[in-house]
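Undergrad: quick one, what's the 3D model for this:
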Amino acid sequence: MTVFSSYFSQGKELITKSTDDLGSLIENESNKEEISELIYHRFYERFLKIFFYDSTNKTEYQNSGVKEVNNAFHFEYKNGFLMMSSSCLLIESIASFISGNDKTLGNGNENYIVVFLKCEEYNNDLKIFKNQNIYKSIRNGLLHQGEIYDNYKIRRDGKLFDEQKRTINATKFVVSLKSFLDGYRNDLNDSNWDSEIWDNCRRKIRFIVKNAT
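TA: You can find the predicted model right below:
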């Protein structure tokens, strides 16, 4: 069995659906909400959930000779480079659902444009990156060299994007990306079964089912 989506419900029941399950679900309009929920969790569980983990464990640290008590997970284990790397993988993955393509588009940056244009439609804060080449400067730098190109900087404080300083707040980026997933799920739930967003979504799922066999 090839898993399409796996997550724990609010009652901590493990929900697992295979690609074959999704192939059957997309044959019937009555399954719209179940499909959109599975798509949401496919992306949230794989790429974002760890960054929303909330630990109460606090530890005393020394920072430049000054002792301070901080939340251990947030202070020691969270990392902006990892957050942005995972975000880039999610963006490229969900772009294929939005556009209905089997694989990533053209020169790579097209996938980010697809998502950021959708952010404008959803009035999501990530729309601010529409004219930034995140693919070339952030994605390629992180995934190929573990660094950032073109004088961008990754932080976990400050504004989501400071164009003058070329800084990106990775924490706010993943929060906005989760909001985008919520928006896409709601869009699917509110759209007609024969709408473009559903036609493209079903086409992508069919590709996934075919590739999994």
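Undergrad: since we're on Leu143, how many residues are nearby?
TA: By other CB atoms under 10 Å, 11 other residues sit near Leu143. Glycine gets a C-beta too; all of them are placed from N, C-alpha and C.
Undergrad: how deep is the closest residue to it other than its chain neighbours tucked in, by neighbour count?
TA: Distances taken as CB to CB, 6 or more residues apart in numbering place Ser85 nearest to Leu143, at 6.4 Å, with adjacent residues excluded. By other CB under 10 Å, 20 other residues sit near Ser85.
Undergrad: secondary structure element for Ser85?
TA: When elements are assigned from DSSP states H and E, Ser85 belongs to helix 80-99.
Undergrad: give me the buried positions along that helix.
TA: 80, 83-99 (16 or more other CB atoms under 10 Å).
Undergrad: excluding chain neighbours, what is closest to the most centrally placed residue in the chain?
TA: Residue closest to the mean C-alpha point of the chain, counted by CA atoms, centre = their mean, is Leu90 at 3.8 Å. Using CB to CB, 6+ apart and skipping residues adjacent in sequence, the residue nearest Leu90 is Phe47, 4.0 Å away.
Undergrad: let me see the contact set for the one you found.
TA: 86-87, 89-90, 93 (CB atoms under 8 Å, 6 or more residues apart in numbering).
Undergrad: ditto for Leu89
TA: Neighbour list for Leu89: Phe47 [criterion: CB under 8 Å, 6+ apart].
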